[in-house]
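Undergrad: sequence unknown, structure follows:
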């Protein structure tokens, strides 16, 4: 069984998804989107065969007056089927790569779990199927990566630690493979799934969610509902596809 750590920021206005908050969304909409994706990702992990670990930011790395564990657990208490069973631990490390490395290494070496993985809430389209598929692949591979768009990674699973220093340097998928190959590890991949961090990401994700909803396929429910409520759509603009709002909730 894989332990999947979700490295979660508190969904506070002006703190999360800054590129979206500066453009197509305002700060409150960006934090609402982050919270929706956080809830959907953690619920997908809970519904899978994996163990969920919620890794929240330390108090000195969030805005003043914010309790990071409380801010994250408030979202998840409403989303998880068994919120009382959710495990919370503070992140340790000065960079994202260091925080992932500390968490994964601790799980593998100190807690002696068989496999450990790291994801971010911005992997809002991560589904139970990918989580369970990754666990199966980790039985025969040392590292399993879920490539996102633009060289990013939405899932990184390990059966043994790698050198995590700057392991998420752009392009993360290539850097992580380099580190695994340097250690003589076998690498496998999941299907590509977009993450949601930039305005360009919304041009990909919004039509994908709307199309799957219309086709009555599985979608991340809270993220999809928020997209509908905000009236987000993609239409032709003067310079190509652009994000627009059409608040008919259709």
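TA: Right, received. Where do you want to start? Because the structure is a prediction, the values reported are computed rather than measured.

Undergrad: Please count neighbours and contacts with C-alpha atoms only from this point.
TA: Will do.

Undergrad: from the chain's centre, how far out does the helix or strand containing residue 74 sit?
TA: Residue 74 is part of helix 68-79, with elements assigned from DSSP states H and E. Chain-centre distance of helix 68-79: 16 Å, with CA atoms, centre = their mean, to the nearest Å.

Undergrad: cool, stretch 70-88 as well?
TA: 16 Å.

Undergrad: ditto for stretch 200-219
TA: That offset, for stretch 200-219, works out to 17 Å (CA atoms, centre = their mean).

Undergrad: which of the residues in it are buried?
TA: 202, 203, 204, 205, 206, 207, 208, 209, 210, 213, 219 (16 or more other CA atoms under 10 Å).

Undergrad: Over to stretch 99-114?
TA: 99, 100, 101, 102, 103, 104, 105, 107, 108, 113, 114.

Undergrad: Got the confidence number for the first one?
TA: Residue 99 is assigned a predicted lDDT (pLDDT) of 97.

Undergrad: Does it touch residue 105 like I think?
TA: No: counting by CA atoms under 8 Å, residue 99 sits too far from residue 105 to count as a contact (9.9 Å).

Undergrad: can you give me the helices for this protein?
TA: For the chain, applying DSSP state H gives helices covering 18-21, 27-47, 68-79, 96-105, 128-137, 172-182, 199-214, 221-230.

Undergrad: what stretches of this protein score poorly on pLDDT?
TA: 247-250 (pLDDT under 70).

Undergrad: gap between the residue lying closest to residue 195 once chain neighbours are set aside and residue 182?
TA: Of all residues not flanking residue 195 in the chain, residue 123 sits nearest, at 4.8 Å (CA to CA, 6 or more residues apart in numbering). Separation of residue 123 from residue 182 (CA to CA, to the nearest Å): 27 Å.

Undergrad: higher neighbour count, those two?
TA: Neighbours per residue, other CA atoms under 10 Å: of residue 123 and residue 182, the larger number sits with residue 123, 24 against 11.

Undergrad: which residues does the more buried one contact?
TA: When contacts are counted by CA atoms under 8 Å, 6 or more residues apart in numbering, residue 123 touches 37, 41, 154, 155, 193, 194, 195, 196.

Undergrad: The last one reaches residue 202, doesn't it?
TA: Right, residue 196. Yes: judged on CA under 8 Å, residue 196 makes contact with residue 202 at a distance of 6.6 Å.

Undergrad: Spit out the residues that contact these two alike.
TA: With CA under 8 Å, 6+ apart, residue 196 and residue 202 have no common neighbours.

Undergrad: For residue 11, what are phi and psi?
TA: Taking degrees, to the nearest 10, you get phi -80, psi 70 for the backbone angles of residue 11.

Undergrad: and the closest residue to it other than its chain neighbours, how many neighbours?
TA: Spatial nearest neighbour of residue 11, excluding adjacent residues (CA to CA, 6+ apart): residue 31 at 5.1 Å. Neighbourhood size, residue 31 [other CA under 10 Å]: 23.

Undergrad: What of the one 10 residues further on?
TA: Neighbourhood size, residue 41 [other CA under 10 Å]: 26.

Undergrad: how close does it get to residue 96?
TA: From residue 41 to residue 96 the distance is 18 Å (CA to CA).
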